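Participant: Just to be clear, the model below is a prediction. Sequence and coordinates:
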Amino acid sequence: MPTIRTGDFDCHYADDCFAEPWLEHETVVIQAGFGRNGEHWQAWVPLLAGHCRVIRRDMRAHGGSTAGAAPWSVEQLAEDVVGFLDALGLDRVHYVGESVGGITGIVLGALHPERFHSITLVQTPIRLGQPLNDLMRGSYPTWADALRDLGPGGWVTQARAPDDPEAEWDRMQWDRCDADALIRLAEATLQVDVADYVARVATPTLILAPAQSPLTSLADQLHLRVTIPDAEIEVFEGRGHNIYREEPERCTGRVLQFIKARSPR
């Protein structure tokens, strides 16, 4: 899979389109969240790529991307995405962001609306901070300490059966992260709060909202819906913080519906 230089790091991505090659198609850029990479979105590809060009981008220090030297911030992550679009010569796209990728999407919709036809926020918190650290640290003093001791793959699979093939796959993918950079990102999440950006989002926005995520309350998801000027919401009753993986057909169907309604073509 290709990489492209974006600012101070090499960004790894996958690029798929199974639609008629003689026609123009919308481009969808998918941004995975903390610890995850484009491989986690494989189930979305055949469902979307028959209609659109689908680019799955690995965040800096994740998957096949290098870490670079820039300090972690949501504004820097947003600038990384804009730099990626510039490097690929993409003027305007549809953006799908999950968790931290969704937080990045809120900033993009506020600061760079001219680059996006639409933004989809998948299980996206508004703020992280100490409650997230407390949830993620387990028996360790901090989340960063847990990641440092267990490693990314060991941390994400610590409560799962060792002979579970899905858990082993998750461990392998998380261990592709730059561990030191991921620890710095975990430390930086204590400062993440994009509440001031929400009302400034000037891009049509779809919110895919789990009703029972421990990381983002349904109340926060509904706040996004009523505060972003042009927003729609799809609530996934009974689901936690993994809807993109548990319900790919429903997610992609709703995304395609939204894209079709908001597409300039």
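Facilitator: Happy to help now that I have it.
Participant: Going by C-alpha atoms from here, please, whenever you check contacts or count neighbours.
Facilitator: Fine.
Participant: how's the protein carved up into domains?
Facilitator: If you go by automatic domain parsing, the domain ranges for the chain are 3-128+193-262, 129-191.
Participant: Include mean neighbour count and mean pLDDT when you put the ones you listed into JSON lines, please.
Facilitator: Below are these laid out as JSON lines (neighbours: other CA atoms under 10 Å; pLDDT from 0 to 100):
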{"stretch": "domain 3-128+193-262", "mean neighbour count": "19", "mean pLDDT": "97"}
{"stretch": "domain 129-191", "mean neighbour count": "17", "mean pLDDT": "94"}
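Participant: what sits opposite residue 55 in the beta ladder?
Facilitator: Applying DSSP bridges to residue 55 gives these bridge partners: residue 15, residue 29.
Participant: That one and residue 202, how far apart?
Facilitator: Distance, residue 55 to residue 202, using CA to CA, to the nearest Å: 23 Å.
Participant: same thing with residue 231?
Facilitator: Remark: distance between residue 231 and residue 202 (CA to CA) = 10 Å.
Participant: So which residues of this structure form helices?
Facilitator: 45-48, 74-88, 100-111, 129-136, 143-156, 165-174, 179-188, 195-198, 218-227, 243-246, 248-262 (DSSP state H).
Participant: Dump those to CSV, plus distance to residue 118.
Facilitator: What follows is these, written out as CSV (distance: least, CA to CA, whole Å):
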stretch, distance to residue 118
helix 45-48, 15
helix 74-88, 14
helix 100-111, 9
helix 129-136, 28
helix 143-156, 31
helix 165-174, 29
helix 179-188, 27
helix 195-198, 15
helix 218-227, 14
helix 243-246, 18
helix 248-262, 7
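Participant: just the CA coordinates of stretch 142-161, formatted as PDB?
Facilitator: Output in PDB follows, covering the C-alpha atoms of stretch 142-161 (Å, rounded to 0.1, in the frame of the first residue of the first chain):
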ATOM      1  CA  THR A 142      -2.600   6.400  34.200                       C
ATOM      2  CA  TRP A 143      -3.500   5.300  30.800                       C
ATOM      3  CA  ALA A 144       0.000   6.100  29.600                       C
ATOM      4  CA  ASP A 145       1.400   3.800  32.300                       C
ATOM      5  CA  ALA A 146      -0.800   1.000  31.200                       C
ATOM      6  CA  LEU A 147       0.300   1.400  27.600                       C
ATOM      7  CA  ARG A 148       3.900   1.600  28.600                       C
ATOM      8  CA  ASP A 149       3.800  -1.600  30.600                       C
ATOM      9  CA  LEU A 150       1.500  -3.700  28.400                       C
ATOM     10  CA  GLY A 151       2.300  -2.300  25.000                       C
ATOM     11  CA  PRO A 152      -0.500  -1.200  22.700                       C
ATOM     12  CA  GLY A 153      -1.500  -4.700  21.600                       C
ATOM     13  CA  GLY A 154      -1.300  -6.100  25.200                       C
ATOM     14  CA  TRP A 155      -3.400  -3.200  26.500                       C
ATOM     15  CA  VAL A 156      -6.200  -3.500  24.000                       C
ATOM     16  CA  THR A 157      -6.500  -7.300  24.400                       C
ATOM     17  CA  GLN A 158      -5.800  -7.600  28.200                       C
ATOM     18  CA  ALA A 159      -9.400  -8.700  29.000                       C
ATOM     19  CA  ARG A 160      -9.800 -11.000  26.000                       C
ATOM     20  CA  ALA A 161      -9.200 -14.700  25.600                       C
END
